[in-house]
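>>> show me how the following folds:
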Amino acid sequence: MEFATIEYATDGPLAILTLNRPDKLNAINAQMVADLNTALDAAEADDRVRAIILNGNGRAFSAGFDLDGGADTRDTVALRKELREDFDIIMRFWDSPKTTIAAVHGYCLGSAMEMAVACDLSIAAEGCRFGAPEVKFGSGIVALVLPWFIGPKRAKELLLTGIDDVSAEAAEKYGLVNRVVPGAELMDHARSLANDIARNDPVAVRLTKQAINRGYDIAGMRQALLQALEIDTIVEGTETDESRQFNQVLEKDGVKAAIAWRDARLRGD
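Residues are numbered from 1 along each chain as shown. Purely as a prediction, here's the structure:
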């Protein structure tokens with residue numbers, strides 16, 4: 001199968017989805033969302049496929065959703081539609097009837113981290129960095145899954161500070177990933193884990209995953225995530241004097257300059 005922004009391959013009982021915008025650190029744009037949906041449709045419809053591995057080409061797994069080319073934040077209808085599509089592609093890895101495994105390296109930031117967490121299992125390469133820098137850019141969280149998996153204290157620390165340099169080892173301690181492995185062995189470990197699962201009875205695996213996920217639904221996770229998505233729509237659609245000036249500096253001089261401008265503003269310079 002040929003795609004514009006991802007690569008799709010099968011290896012025995014495994015489907016391997018590879019994010020393929022390395023020049024953009026695999027930032028997720030509308031085309032990649034569409035490609036991932038089509039690839040997941042194919043993997044889920046293929047009876048030979050028992051597990052799905054998600055990984056990325058180049059220096060990073062993914063830097064999150066692409067800040068360029070999104071919906072006009074003044075168009076509430078278009079904005080809500082785009083954010084719902086972003087939310088749905090993250091949750092497809094949680095909802096998939098097949099086991100999903102994220103193999104992450106380099107950078108795993110923003111909504112890419114949410115996508116990795118939404119996978120059933122996650123493996124990180126040594127040196128990988130995690131984080132959620134959305135608040136630095138005046139953005140909200142598309143799929144607010146972190147509090148459900150790492151608790152409110154750690155989730156608030158990550159999400160409210162906008163930290164983007166959490167080590168792979170700390171991510172493992174927090175429960176964001178299952179294990180940390182040498183970078184050169186990342187895909188070997190992912191394939192081994194996926195094959196361990198693929199050897200088991202597929203009905204038992206699928207229904208066990210379904211039972212675990214159903215427990216989270218009963219606890220209210222899905223409804224809470226949808227309510228958080230509505231709040232994210234408000235965040236993304238709200239413009240202030242500060243956010244307007246920040247975005248002007250961001251567009252003209254780049255990320256570092258925009259953050260330096262905000263720091264200077266906070267100091268009263």
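>>> so where's the protein shaky on pLDDT?
Residue ranges of the chain with pLDDT under 70: 69-71, 269.
>>> how is it divided into domains?
By the assignment in automatic domain parsing, the chain contains the domains 6-203, 240-269.
>>> for residue 215, find the nearest of the ones you listed.
domain 6-203 (11.1 Å; C-beta to C-beta). Using the backbone N, CA and C atoms, a C-beta is placed for each residue, glycine as well.
>>> how long is the closest one end to end?
End-to-end distance for domain 6-203: 29 Å, by C-alpha to C-alpha, to the nearest Å.
>>> so the closest residue to residue 1 other than its chain neighbours bridges to which residues?
Leaving aside its sequence neighbours, residue 1 sits nearest to residue 8 (C-beta to C-beta, 6 or more residues apart in numbering; 4.6 Å). Legend: beta-bridge partners of residue 8 under DSSP bridges are residue 17.
>>> contact partners for residue 8?
1, 15-18, 39, 42-43 (C-beta atoms under 8 Å, 6 or more residues apart in numbering).
>>> ok, 7 Å please
Neighbouring residues of residue 8 by C-beta atoms under 7 Å, 6 or more residues apart in numbering: 1, 17, 39, 42.
>>> still on that earlier bit, just name the most buried of the domains of the chain.
Highest mean neighbour count among those (mean count of other C-beta atoms under 10 Å): domain 6-203, with a mean of 19.
>>> now do that one: distance to the chain's middle.
Offset of domain 6-203 from its chain centre (C-alpha atoms, centre = their mean, to the nearest Å): 4 Å.
>>> now do the SS call for residue 101.
strand (DSSP: H, G, I helix; E, B strand; the rest coil).
>>> that one touches residue 51, doesn't it?
Yes - contact criterion C-beta atoms under 7 Å: residue 101 and residue 51 qualify, at 6.4 Å.
>>> any idea how far residue 75 is from the residue nearest the centre of the chain?
By C-alpha atoms, centre = their mean, the chain has its centre lying nearest to residue 112, at 2.3 Å. Between residue 112 and residue 75 the distance, using C-beta to C-beta, to the nearest Å, works out to 25 Å.
>>> next: residue 24.
24 Å.
>>> hmm, who's touching the biggest helix by length in the chain?
Criterion DSSP state H: the longest helix present in the chain is helix 76-95. Outside helix 76-95, the residues that touch it by C-beta under 7 Å, 6+ apart are 33, 36-37, 40, 54, 65, 70-73, 100, 111, 114-115, 118-119, 142-143, 213, 229, 232-233, 236-237.
>>> so which of the residues you listed belong to strands?
54, 100 (DSSP state E).
>>> just to revisit the earlier point, in TSV, list the domains of the chain along with distance to residue 220.
Shown next, in TSV, are the domains of the chain (distance: least, C-beta to C-beta, whole Å):
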stretch	distance to residue 220
domain 6-203	10
domain 240-269	31
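>>> which residue ranges of the stretch 151-269 of the chain form strands?
For the stretch 151-269 of the chain, strands defined by DSSP state E, counting those that start in this stretch occupy the ranges 166-167, 179-181.
>>> tell me which other helices or strands the last one touches.
Think strand 179-181. Packing contacts for strand 179-181, counted by 3 or more C-beta pairs under 7 Å, 6 or more residues apart in numbering; DSSP states H and E, involve strand 121-125, helix 168-174.
>>> who's residue 53 bridged to?
Under the criterion used (DSSP bridges), residue 53 bridges to residue 16, residue 101.
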